[in-house]
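Visitor: Below is the sequence, then the predicted model.
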Amino acid sequence: MDRNSNTVAGTADVEKDGGELDRVQSLPAFADSLPTTATRDIGNDTMTRESDYMFPDGGFEAWLQVVGGFLITANTWGLVNMWGTFQTYYSSQTPPLATGSAISWIGSIQSFLLLLVGALCGRPFDLGYSRSMMWSGAVIITAALLLTSLSGEFGQGNGNQVYYQVLLSQGIMAGLGMGLTLVPQVAIVASYFKRKRSLTIGIVTVGGSVGGVVYPIVFRRLVDKIGFHWSMRTLALIVFIGLMSSALILKQRKDIIDRSVKCDDEPQGFLARLLGALRFLKGITWGDWPYLVFVCSMFWLSMGLYCPFFYIERFTIDIGIDMHGLDTAYLVSFMNSGGAFGRIISGLLADFFGPITTQITFIILCTLTLFSWLSISTFSPLITFVVMYGFLAGAIIALPPTSVARLTSNMSVLGSRLGVMFFMFGLATLSGPPIAGALAGMGGKKGENAAKLYLGALMLLAGVFMWWARWLKVGFKLRTTI
């Protein structure tokens, strides 16, 4: 590339009164006049490096964004993490709402759409439509819960009709609404912090664990007192207040909105952008191998990461472990509780050692923990495994957004690159648990051990790919923070 044809650091083109362009050395003055960003033109594109931005890394407004992100995750991922409670309730009706497999598809589709729509919304976020996305998501999620509350009565001989009502509202509609809030909850916080980014995003993701612990308890107590329909309306009110509060709090930084593709003849408005959302691929540089390999590691990771949350209760019952009076439904709550601590600890460590290095360490520990599941047959080791796996899974899942930010030099396309990662996450989440269920369906201890080996192998594969991504970025420099 001809350097003389481009504006590089320390040089600016200044147009004189006569229209003639003069090249002047102006690094100090130019930097002072643009305290938050500096850009350099490359061809017809504009690239802004992460080092050119000013990150508050603290202050009231910055920490307020963390509160807003926490509220979103508590009222989106919190609902996803409590799906086991709905699964048990729908299956316990007389007759059940549907077969166990059919009921589980409601939760799977909800999770998949959350990640898929989140991927498609990465580009609109980069263009500055975060506020519209959050308002729309809050309204859609609340409406979905209210429509679920209006479904027909269970056990009245209209099972198929009620099932499809719940599938459309709680599965598809809620998933679509959650997807609209996915990117803003992490990307906005990432744009306010650099040195403390891992910690703050870890705090944001703790909301998912807190919601996954609190909402099941709230639902169980309400449904016994006021019934399912009014319980869902109460949850809708709580979720609406939380999401609307976060929409008022979160504020996207205007100085890093990507304006490089806006032009007069381009369709304007949020809906037009959303319909053209496949442009989220703009954030990918296809020669950026560290990022691409990292996304592949996320695919293998997400195929197996959530499976223990789905199957721990079933496997415990099938093995016949003596629970000493403890309801097996609390095993998932214990996992979510451990995950809350894991998210905080990993955030603290990542700020010192780097998010990718920290993630690799926790993946290694998680792989060993999954393989140890093969030998568990008594109560005490089971509880230890549940808490330990929840802690490690929480520590791992808190770091991917921070890792993508670390691998992104042009922060104006961070939303797009997060969107690509979430898209791969969604595909893996939709396919991983059914494969594990099919392996377990072979019957007996052989089938369950096959599923456990499958989960351990996926985690090991994710670790190998993530180490590869790290090597592509910094080589074998173990002391390099990344």
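Guide: Yep, that arrived. Numbering: from 1, shown residues only.

Visitor: What segments of the stretch 251-400 of the chain are helices?
Guide: 270-275, 289-305, 307-319, 330-353, 355-372, 379-397, 400-406 (DSSP state H, counting those that start in this stretch).

Visitor: Extract the residue ranges of the protein that are flagged as low pLDDT.
Guide: 1-53, 100-101, 153-159, 256-287, 329, 411-412 (pLDDT under 70).

Visitor: Check which helices and strands the top helix by length along it is in contact with.
Guide: Ranked by residue count, the top helix of the chain under DSSP state H comes out as helix 197-249. Counting by 3 or more Cβ pairs under 8 Å, 6 or more residues apart in numbering; DSSP states H and E, the packing neighbours recorded for helix 197-249 are helix 60-81, helix 83-92, helix 130-149, helix 174-190, helix 330-353, helix 379-397, helix 400-406. Every C-beta, even on glycine, is put in place using the N, C-alpha and C of the backbone.

Visitor: ok, 7 Å please
Guide: helix 60-81, helix 83-92, helix 130-149, helix 174-190, helix 330-353, helix 400-406 (3 or more Cβ pairs under 7 Å, 6 or more residues apart in numbering; DSSP states H and E).

Visitor: how big is the angle separating it from helix 330-353?
Guide: In terms of direction (axes from the mean of the first three to the mean of the last three Cα atoms, to 10 degrees), helix 197-249 departs from helix 330-353 by 110 degrees.

Visitor: Helix 197-249: how far from the chain's middle?
Guide: The chain centroid and the centroid of helix 197-249 are separated by 16 Å, computed with Cα atoms, centre = their mean, to the nearest Å.

Visitor: what angle do it and helix 379-397 make?
Guide: 80 degrees.

Visitor: Next, the angle from helix 197-249 to helix 83-92.
Guide: 60 degrees.

Visitor: Tell me which residues are up against stretch 220-233.
Guide: 85, 89, 145, 146, 148, 149, 219, 234 (Cβ atoms under 7 Å, 6 or more residues apart in numbering).

Visitor: Could I get the contacting residues of the second one?
Guide: I take that to be residue 89. Residue 89 neighbours (Cβ under 7 Å, 6+ apart): residue 223.

Visitor: repeat for the first one
Guide: With contacts taken as Cβ under 7 Å, 6+ apart, residue 85 has the following neighbours: 216, 219, 220.

Visitor: Repeat the analysis, applying 6 Å as the threshold.
Guide: 216, 219 (Cβ atoms under 6 Å, 6 or more residues apart in numbering).

Visitor: and the helix or strand encompassing residue 452, what does it pack onto?
Guide: Counting by DSSP states H and E, the element that carries residue 452 is helix 444-474. If you count contacts as 3 or more Cβ pairs under 6 Å, 6 or more residues apart in numbering; DSSP states H and E, helix 444-474 packs onto helix 289-305, helix 355-372, helix 414-440.

Visitor: closest to residue 110 out of those helices?
Guide: helix 414-440 (10.4 Å; Cβ to Cβ).

Visitor: can you pull the buried residues of the closest one?
Guide: 414-430, 432-437, 439-440 (16 or more other Cβ atoms under 10 Å).

Visitor: what about stretch 135-153, distance to the chain center?
Guide: 22 Å.

Visitor: Ramachandran angles for the residue lying closest to residue 90 once chain neighbours are set aside?
Guide: In space, residue 90 comes closest to residue 97 once its chain neighbours are excluded; the distance is 4.0 Å by Cβ to Cβ, 6 or more residues apart in numbering. Backbone geometry at residue 97, expressed as degrees, to the nearest 10, gives phi -60, psi -40.

Visitor: Around residue 97, how many other residues sit close by?
Guide: 24 (other Cβ atoms under 10 Å).

Visitor: what's the answer for the one 10 residues further on, then?
Guide: Neighbour count of residue 107, defined by other Cβ under 10 Å: 21.

Visitor: quick check: angle from the helix holding residue 452 to helix 307-319?
Guide: Using the same axes, to 10 degrees: helix 444-474 against helix 307-319 is 160 degrees.

Visitor: Might you quantify the distance of helix 444-474 from its chain's geometric centre?
Guide: 20 Å.

Visitor: Run a quick neighbour tally on residue 355.
Guide: Neighbours of residue 355 (other Cβ under 10 Å): 28.

Visitor: Tabulate the helices and strands packed on helix 444-474 in JSON lines, adding columns for distance to residue 172.
Guide: Shown next, in JSON lines, are the helices and strands packed on helix 444-474 (distance: least, Cβ to Cβ, whole Å):
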{"stretch": "helix 289-305", "distance to residue 172": "21"}
{"stretch": "helix 355-372", "distance to residue 172": "32"}
{"stretch": "helix 414-440", "distance to residue 172": "13"}
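
Visitor: right, so of those, which gets closest to residue 79?
Guide: helix 414-440 (15.1 Å).

Visitor: How far off centre is the closest one?
Guide: 11 Å.

Visitor: list the helices and strands it packs on?
Guide: Against helix 414-440 (3+ Cβ pairs under 6 Å, 6+ apart) you get helix 100-120, helix 122-126, helix 174-190, helix 289-305, helix 307-319, helix 400-406, helix 444-474.

Visitor: Of these, which is nearest residue 78?
Guide: helix 174-190 (10.4 Å).

Visitor: How far does that closest one sit from its chain's centre?
Guide: That offset, for helix 174-190, works out to 8 Å (Cα atoms, centre = their mean).

Visitor: Ok, stretch 308-320 next?
Guide: 25 Å.

Visitor: still on that earlier bit, okay, the angle between the longest helix of the chain and helix 130-149?
Guide: With the same axes, to 10 degrees as the basis, helix 197-249 and helix 130-149 are set at 70 degrees to each other.

Visitor: From residue 385, how far off is the nearest residue in space to residue 149 that is not next to it in sequence?
Guide: Setting aside the residues directly before and after it, residue 149 is nearest to residue 232 in space (Cβ to Cβ, 6+ apart), at 3.6 Å. Applying Cβ to Cβ, to the nearest Å, one obtains 33 Å for the distance of residue 232 from residue 385.

Visitor: who's more crowded, those two?
Guide: The neighbour comparison of residue 232 against residue 385 (other Cβ under 10 Å) goes to residue 232, with 24 against 20.

Visitor: about what we covered before: could you figure out how far the longest helix of the chain is turned away from helix 355-372?
Guide: Going by the same axes, to 10 degrees, helix 197-249 makes 100 degrees with helix 355-372.

Visitor: Helix 197-249 versus helix 60-81: what angle between them?
Guide: 90 degrees.

Visitor: which residues sit in contact with residue 300?
Guide: Counted by Cβ under 6 Å, 6+ apart, residue 300 has contacts 458, 461, 462.

Visitor: residues touching the second one, list them.
Guide: Which is residue 461. residue 300.
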